[in-house]
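Engineer: Give me a 3D structure for the following:
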Amino acid sequence: MSNRILIVDQIATNRIMLKVNLKTTQYQVFQAASAAEAISKLQQESYALVISHVDLPDEPIGKFLRACSDKSNSNPTPILVYGAVSAEERLTILNSGAEDVFPMPVEGAFLVARIRSIIRAKNELRELRLRDETQRALGFHEPTSSFTAREKVMFVGDTSTYFNHIRTDYLRSKCHINRHDFDGVLSTAEHDNPPAAFLLDVQLPEPEMGCGLLSELRARHATLHSVRLARIPKGRQDLAARALELGAHETFDHCANDTEIWFRLRRQLAHKRHVDRLRKTLHSSVQAAITDPLTGVYNRRYAMSHITTVDERSKITKRPFSVMVLDVDHFKQINDTFGHHLGDIVLREICCRVQKNVRAVDLLARVGGEEFLIILPDCVQTDAEFAAERLRQVFNARPFAMDHVDNGIKVTASIGVVMSDPSLRPIETHDLIELADTALYAAKRAGRNTIRVVA
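Structural biologist: Below is the predicted model of the structure:
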């Protein structure tokens, strides 16, 4: 994923102020003074996020948002809009494709928290879509039903006043409404059919209760994937930032009208349904055909299809990806000394340690007896080399604990690393794996328990 953020504003001081606020995000910040300049930059490079002022010198914000959407693929760049707008104007901007609209001045903590919440959602969707594309390529994709059951929505907070008057016709036809105060929400929600969404009224003078509930809803398995919207007192961007960091998907203030609230809710519920479908696909019965029965990680068949998908996306985005081949040193000796049963346990523990030390978007597959393939999308060679060295050290850090084996079993691994960069020299996927194997053999010849990189 890109590490660039683009700020669009005709006033240089506004751009500089926002850039200072974004200093802690570790993103590269670029600037544009007009819609035309911004669109040109978006055509040339990929950006994780765009932050635009509502007043652009060359075209209305709605036209700019539509132009960005037209020039994007199925995974458009999220756009935040800031500036003075009325409630009606804010809803129009949201309908035009903006992720959110907020007033100026904006607190740095709130801006960073909102960016993080958007990037988290985008990364989750990106990972699941990548897996789904591989499923389709393997012919395992199943058509989905267009039927949508009525979803449960729980209002939490001051139920006697604010939430009593916003039960619209749309909501009556689409959702089951429950109202609850803060006491007992978690026990009510942790049933077999938890609410699809929570609307929490995080009010003064006791905002701690609402913030604490957001954190608990995010932490608990039953409500982990529920939508969480938080209503915040107007002007309390510090409280909005805290709510976002603790698990709110979006926040809105007390001035938001019914139409805006239901727009945000519908958008989040639609996103949830899409993500739930992708997640269900990944855990369906086809997993048995694409996973290794011993370790539970993906097998060679899936890995070969997945690397083709990653390669195709790399050529479209012009961003490199890397591949590792990891081989357990002297594994035959482990089997001969301790038996195949403990050898199998070693292989499972290897997978466990690797998965804890790679990104969620990276893929681990068992492609041979003690050989594993790791595919790292959007990863340059130096980062892949660093990741390989981290894995090597993870194996060396402590022996693999085994029953009836004093001091455990010492396990080391050799790793070969190679990168494919479409902007330099495209490499076919089978050649890429051969190059990673070549690097692995070099590591073996160098004495094992080391890494080697093919430049």
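Engineer: So the nearest residue to A32 once chain neighbours are set aside versus Y47, what's the distance?
Structural biologist: Leaving aside its sequence neighbours, A32 sits nearest to A38 (CB to CB, 6 or more residues apart in numbering; 4.0 Å). The way it works is simple: take the backbone N, C-alpha and C, and place the C-beta from them, glycine included. Distance check for A38 against Y47: by CB to CB, to the nearest Å, it reads 9 Å.
Engineer: now K41
Structural biologist: Applying CB to CB, the value for K41 to Y47 is 8 Å.
Engineer: Between these two, which has more neighbouring residues?
Structural biologist: Y47 (20 against 17; other CB atoms under 10 Å).
Engineer: Pull the contacting residues for that one.
Structural biologist: Shown in contact with Y47 (CB atoms under 8 Å, 6 or more residues apart in numbering): S2, R4, I5, L6, F30, K41, T77.
Engineer: who's in contact with the last one?
Structural biologist: When the contact criterion is CB under 8 Å, 6+ apart, the partners of T77 are L42, S46, Y47, A48, L49, V50, C68.
Engineer: Show me where the stretch 201-350 of the chain has its helices.
Structural biologist: 207-219, 237-246, 258-282, 287-290, 300-317, 331-338, 340-355 (DSSP state H, counting those that start in this stretch).
Engineer: Give me whichever of those is most buried.
Structural biologist: Among these, helix 237-246 has the highest mean neighbour count (mean count of other CB atoms under 10 Å), at a mean of 22.
Engineer: and the angle for that one with helix 207-219?
Structural biologist: 20 degrees (axes from the mean of the first three to the mean of the last three CA atoms, to 10 degrees).
Engineer: now helix 237-246, how far from the centre of its chain.
Structural biologist: With CA atoms, centre = their mean, to the nearest Å as the basis, helix 237-246 stands 19 Å off its chain's centre.
Engineer: just stretch 409-420 next, same as before
Structural biologist: Mean-position distance between stretch 409-420 and its chain equals 27 Å (CA atoms, centre = their mean).
Engineer: Over to stretch 288-302?
Structural biologist: How far stretch 288-302 lies from its chain's middle: 23 Å, per CA atoms, centre = their mean.
Engineer: Skipping adjacent residues, who's closest to L56 in space?
Structural biologist: Among residues not flanking L56 along the chain, A35 sits closest, at 4.7 Å (CB to CB, 6+ apart).
Engineer: who's in contact with the strand or helix carrying the residue nearest to A32?
Structural biologist: According to DSSP states H and E, A38 maps onto helix 35-44. Applying CB under 8 Å, 6+ apart, the contact partners of helix 35-44 are 6, 8, 30, 32, 47, 50, 52, 56-59, 63-64, 67-68, 71-72, 77.
Engineer: before we move on, the earlier item: can you get me a residue count around the residue nearest to A32?
Structural biologist: For A38, the neighbour count with other CB under 10 Å is 26.
Engineer: Check the one 5 residues further on too.
Structural biologist: The tally of other residues near Q43 (other CB under 10 Å) stands at 8.
Engineer: Over to P57?
Structural biologist: Neighbours around P57, by other CB under 10 Å: 13.
Engineer: Can you tell me the SS state at it?
Structural biologist: Three-state call for P57 (DSSP: H, G, I helix; E, B strand; the rest coil): coil.
Engineer: ok, and for the helix or strand harbouring D383, which residues are buried?
Structural biologist: Per DSSP H and E, D383 falls inside helix 381-397. Burial within helix 381-397, assessed by neighbour count using 16 or more other CB atoms under 10 Å, is assigned to Q381, A384, E385, A387, A388, L391, R392, F395.
Engineer: lowest-confidence helix or strand of this structure?
Structural biologist: The helix or strand of the chain with the lowest confidence, counting by mean pLDDT, DSSP states H and E, is helix 169-174 at a mean of 60.
Engineer: Sheet partners, orientation included, of the helix or strand just after that one?
Structural biologist: Next helix or strand after helix 169-174 toward the C-terminus (DSSP H and E): strand 175-180. Strand pairing for strand 175-180, determined by DSSP bridges: strand 151-156 (parallel).
Engineer: ok, residues contacting the partner strand?
Structural biologist: Taking CB under 8 Å, 6+ apart as the rule, strand 151-156 contacts 163, 171, 174-182, 185, 188-189, 193-201, 210, 213, 265, 269.
Engineer: what about 6 Å?
Structural biologist: Contacts with strand 151-156, where a contact means CB atoms under 6 Å, 6 or more residues apart in numbering, come from 163, 175-180, 185, 195-200.
Engineer: So which elements touch whichever helix in the chain runs longest?
Structural biologist: Determined from DSSP state H, the single longest helix within the chain is helix 108-137. When contacts are defined as 3 or more CB pairs under 6 Å, 6 or more residues apart in numbering; DSSP states H and E, helix 108-137 packs onto helix 237-246, helix 258-282, helix 300-317.
Engineer: circling back: out of the contacts of Y47, who's nearest E371?
Structural biologist: S2 (32.4 Å; CB to CB).
Engineer: nearest spatial neighbour of N407, skipping sequence neighbours?
Structural biologist: Closest to N407 by CB to CB, 6+ apart is P399, at 6.0 Å.
Engineer: could I get the helices and strands packed on helix 108-137 as TSV with mean pLDDT?
Structural biologist: Compiled in TSV, the helices and strands packed on helix 108-137 are given as follows (pLDDT from 0 to 100):
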stretch	mean pLDDT
helix 237-246	92
helix 258-282	85
helix 300-317	92
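Engineer: Let me have these in a markdown table, adding distance to N95 as columns.
Structural biologist: Below are those laid out as a markdown table (distance: least, CB to CB, whole Å):
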| stretch | distance to N95 |
| --- | --- |
| helix 237-246 | 22 |
| helix 258-282 | 7 |
| helix 300-317 | 28 |
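Engineer: can you tell which of those is closest to M324?
Structural biologist: Comparing those by CB to CB, helix 300-317 comes nearest, at 11.7 Å.
Engineer: coming back round to it: narrow the contacts of Y47 to those in strands?
Structural biologist: R4, I5, L6, F30 (DSSP state E).
Engineer: quick revisit: buried subset of the contacts of strand 151-156?
Structural biologist: Among those, those buried by neighbour count (16+ other CB under 10 Å) are F163, C175, N178, H180, V185, P195, A196, A197, F198, L199, L200.
Engineer: Can you pick out the ones from the residues you listed that are in helices?
Structural biologist: V185.
Engineer: Understood, closing this out.
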